[in-house]
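>>> Whatever this is, show me its structure:
(one chain, ligands or ions: 1)
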Amino acid sequence: MTIPFLDLKSINAQYREELVNASARVIDSGWYIQGEEVKAFEQGFAQYCGSEYCIGVANGLDALTLTLRAWKELDKLKEGDEVIVPANTYIASILAITENRLVPILVEPDEVTFNLCPQKAEAAITPKTRAILPVHLFGRMADMPAIMDVAERHNLLVLEDSAQAHGASINGKKAGNWGHASGFSFYPGKNLGALGDGGAVTTSCEELADVIRTLGNYGSKEKYHNLYQGVNSRLSELQAAFLNVKLRYIDDEVRARRSVAKQYLNNISNDHIALPNWDESSNHVFHLFVVRSETRDELQKFLGIGGIQTLIHYPIPPHRQYAYQGYFSNQELPVTDHLHESVLSLPMSPVLSKYDVDKVVARCNEFYI
Ligand SMILES: *Cc1c(COP(=O)(O)O)cnc(C)c1O
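Numbers count the residues shown, from 1 in each chain. Take a look at the predicted model:
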């Protein structure tokens, strides 16, 4: 029996009855776009994050793209402005920047946390820098106190990419409530996953919330009056109904993920496998459990033969993607390149049994080269 990397079916099976009831509620309501479920989720999720506003959008990429666009509409950003972003992020963070004709400035991550290093971010600031886009990669929060300090001293906007970090916090303050705005994804595989696409922006700036909401609704606030050349990006009523169910369980799921992580951390012991370091603080929600190995490909093959499915996040860094050919051509990013060659994500989910984790541990400990 293989141990899957992520068993979405079992995750959602835990809440099957409530999810079925939620979908029935939407079907029977006769109201399928921007109804009570979306409203309730926006309120619930803003409250969960501790922010004033939450705006549901179609997906996580739109959450980031529309926030930057809104800042352009508000004259806080303009085409050609530089946005500092970790070089090892998922491509969506970069796409949101270039879609707005802003310039991504790739900064090497901290090799231990995989996250944007505040010192390197500060060193990358130029007169054209207007924003920082830290990413809470793999579920671990970036060093937000230090990043906000840099941003305040240089008068920069901060957009958190919280797509992998629902519920993570530093000093009691959650992801989504540190920056001036934050983008979330509810893609099914994320820690708070819908049963289809979904996303949201959280912010405590009323003006920004208002413009994002308007942009996502064809640029229209009042029906048939268009203020902007907007887009259609709304959180679906049905997905919001599912998310209202799953939001109630996110803290339990985070606890379950952390206990899987602890079991890995306490028991995997192999010189060829470097474990993530974690001090058991609330800054990590273990969206992924990412180890490193100089013999990563052999390790992945060895685990695969033993019936353990693993994935690589990510095999190709953004600056080496075909889509960005010529774009970052002069930049050397050795830390980022090396991370992409050495990372491996072990099975991680809130429904992974102790027994299965033991099997992964045992197989990891048997690996030799
Ligand atoms: C998933 C993800 C996104 C994009 O979210 P979608 O809902 O898939 O568009 C953005 N940034 C990061 C870091 C992600 O992991």
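
>>> give me the number of residues near Ile312?
Applying other C-beta atoms under 10 Å, we find 16 residues neighbouring Ile312. (Glycine included, C-beta is placed from N, CA and C.)

>>> How about the contacts made by it?
Taking C-beta atoms under 8 Å, 6 or more residues apart in numbering, we find Ile312 in contact with Arg296, Gln300, His340, Val343, Leu344, Ser345.

>>> For Leu303, what are phi and psi?
Per-residue torsions, Leu303: phi -70, psi -40 (degrees, to the nearest 10).

>>> Now do the same for it: its pLDDT.
Reading off the confidence values, Leu303 has pLDDT 98.

>>> just Ile369 next, same as before
84.

>>> isn't it right next to His272, touching?
Yes - the criterion here is C-beta atoms under 8 Å, and Ile369 meets it with His272 at 6.0 Å.

>>> Now for the two: what residues contact both?
Thr295.

>>> Please identify which pair of the contacts of Ile312 lies farthest apart.
Spanning the widest gap among those are Gln300 and His340, at 13.5 Å by C-beta to C-beta.

>>> quick one on the thing from earlier: highest neighbour count among the contacts of Ile312?
Val343 leads the contacts of Ile312 on contacts (other C-beta under 10 Å) with 22 neighbours.

>>> So what sits opposite that residue in the bridge?
Beta-bridge partners recorded for Val343 (DSSP bridges): Arg292.

>>> residues contacting it?
Contacts of Val343 by C-beta under 8 Å, 6+ apart are Val290, Val291, Arg292, Arg296, Ile312, His313.

>>> Which helix in this protein has the most residues?
Using DSSP state H to define each element, the chain has its longest helix at helix 250-267.

>>> And it, what's buried?
Ile250, Glu253, Val254, Ala256, Arg257, Arg258, Val260, Ala261, Gln263, Tyr264 (16 or more other C-beta atoms under 10 Å).

>>> between those residues, which is closest to the ligand?
Arg257 (15.4 Å; C-beta to the nearest ligand atom).

>>> Not including adjacent chain positions, what is the nearest residue to the closest one?
In this structure, Arg257 finds its nearest non-sequential neighbour in Phe286, 4.2 Å apart by C-beta to C-beta, 6 or more residues apart in numbering.

>>> Now the one you found: phi and psi?
phi 50, psi 60.

>>> before we move on, back to that, make JSON lines out of the contacts of Ile312 and add distance to the ligand and pLDDT.
Compiled in JSON lines, the contacts of Ile312 are given as follows (distance: C-beta to the nearest ligand atom, whole Å; pLDDT from 0 to 100):
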{"residue": "Arg296", "distance to the ligand": "20", "pLDDT": "98"}
{"residue": "Gln300", "distance to the ligand": "21", "pLDDT": "98"}
{"residue": "His340", "distance to the ligand": "15", "pLDDT": "96"}
{"residue": "Val343", "distance to the ligand": "14", "pLDDT": "98"}
{"residue": "Leu344", "distance to the ligand": "17", "pLDDT": "98"}
{"residue": "Ser345", "distance to the ligand": "12", "pLDDT": "98"}
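
>>> didn't Leu208 look like it was pressed against Ala70?
Yes - in this structure Leu208 lies within contact range of Ala70 using C-beta under 8 Å: 5.6 Å.

>>> Comparing those two, which shows the higher neighbour count?
Legend: neighbour count by other C-beta under 10 Å for Leu208 and Ala70, higher for Ala70 (28 against 22).

>>> Tell me the predicted confidence for the more buried one.
For Ala70, pLDDT reads 98.

>>> Now the stretch 201-350 of the chain against the ligand: closest residue?
His287 (7.7 Å).

>>> What are the neighbouring residues in contact with the closest residue to that residue other than its chain neighbours?
For His287, ignoring the flanking residues on the chain, the nearest one in space by C-beta to C-beta, 6+ apart is Gly139 at 3.4 Å. Counting by C-beta under 8 Å, 6+ apart, Gly139 makes contact with Gln164, Ala165, Ala168, Asn191, Arg257, His284, Val285, Phe286, His287, Leu288.

>>> Now the residue of the stretch 1-150 of the chain found nearest the ligand: closest residue in space that isn't a chain neighbour?
Nearest residue of the stretch 1-150 of the chain to the ligand: Gly60, at 2.4 Å (C-beta to the nearest ligand atom). In this structure, Gly60 finds its nearest non-sequential neighbour in Ser185, 2.5 Å apart by C-beta to C-beta, 6+ apart.
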